[in-house]
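**Student:** only geometry, no sequence info:
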């Protein structure tokens, strides 16, 4: 470990097996690029870690494309009062799922503008059962406002995709991205509106509604926000996806807990999607002109 820290920078003894591998990968990536080590995990931290970037707010090293760095800066500059984007985590923490989400989905946003036919093909391959005709738009770190119209919760969609299917129906895909983090176990506060959404949606068993009224962890809050957005905006279909590396399967227990409290016909409302499969599918369909960023994403996050 002393030799590793000399070469790659300090690691964390509290990491589990996968987090250890992922932190080493990020540290190695930073070291090969010749980037200076930063402090973390927070802006006021006094400890250096190999996965932290020094002065990331200015140099943009945490992003695969300069356009994504510019987009991230714009989001911080124009952040609304309810948005909870952590600037330091976004710009300086290579291990965070937030910049990973930006690095995966913002290039797809750019591709939609340049080549909508290609982006339609990509999402058809990613979600074949949805019979997607075309993608309407993609959003990142999206909190529907006013939040009192939805679940009265500052939870955000990490990535949000609106599509039109082959029957001309409108649907949404809400994607929660995780790299090494588990789904949050913190319980939501003020669950009255969440309980109302759960009842109105018709998705949950009586036991599920009772659980939401008392406890409501992140997996439930994400699904409820998706369903609230569907109902308020009159979408025909909605789907909640948890996207993370296959080795970070800690989300499966939370997903299964939700499924146990959904009526049988709605158990497919929430699903786990391995990040490796997601990236491989994109690579198989994406135009050759875009290989550079998806290959770099693979190297950056998945070549453990």
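**Tutor:** Okay, I see it. In this text the structure is predicted, and so the values were computed from the model without any measurement. Numbering: from 1, shown residues only.
**Student:** can you give me the strands in the stretch 1-150 of the chain?
**Tutor:** Using DSSP state E, counting those that start in this stretch, the strands of the stretch 1-150 of the chain run over residues 37-39, 48-53, 132-142.
**Student:** neighbours around residue 64, how many?
**Tutor:** Counted with other CB atoms under 10 Å, residues neighbouring residue 64 total 23. Heads up, the C-betas are built off the backbone N, CA and C, glycines and all.
**Student:** doesn't residue 136 make contact with residue 120?
**Tutor:** No - using CB atoms under 8 Å, residue 120 is not in contact with residue 136, being 10.3 Å away.
**Student:** can you pull out the helices in the stretch 151-300 of the chain?
**Tutor:** 192-201, 206-214, 218-233, 251-260, 275-285, 291-301 (DSSP state H, counting those that start in this stretch).
**Student:** Low-confidence stretches in this structure?
**Tutor:** For the chain, the stretches with pLDDT under 70 are 1-3, 184-189.
**Student:** Show me how the record splits it into domains.
**Tutor:** Per the record, the chain has its domains at 2-54, 97-287, by automatic domain parsing.
**Student:** how close does residue 270 get to residue 23?
**Tutor:** Distance from residue 270 to residue 23, counting by CB to CB, to the nearest Å: 28 Å.
**Student:** Of residue 120 and residue 136, which one has the most company?
**Tutor:** residue 120 (18 against 13).
**Student:** how near is that one to residue 195?
**Tutor:** Residue 120 is 38 Å from residue 195, by CB to CB.
**Student:** circling back: which among the strands of the stretch 1-150 of the chain is found nearest to residue 234?
**Tutor:** strand 132-142 (14.1 Å; CB to CB).
**Student:** what's the most buried one of the strands of the stretch 1-150 of the chain?
**Tutor:** strand 48-53 (a mean of 24; mean count of other CB atoms under 10 Å).
**Student:** Would you reformat the strands of the stretch 1-150 of the chain as TSV and include distance to residue 84?
**Tutor:** Formatted as TSV, these follow (distance: least, CB to CB, whole Å):
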stretch	distance to residue 84
strand 37-39	21
strand 48-53	21
strand 132-142	9
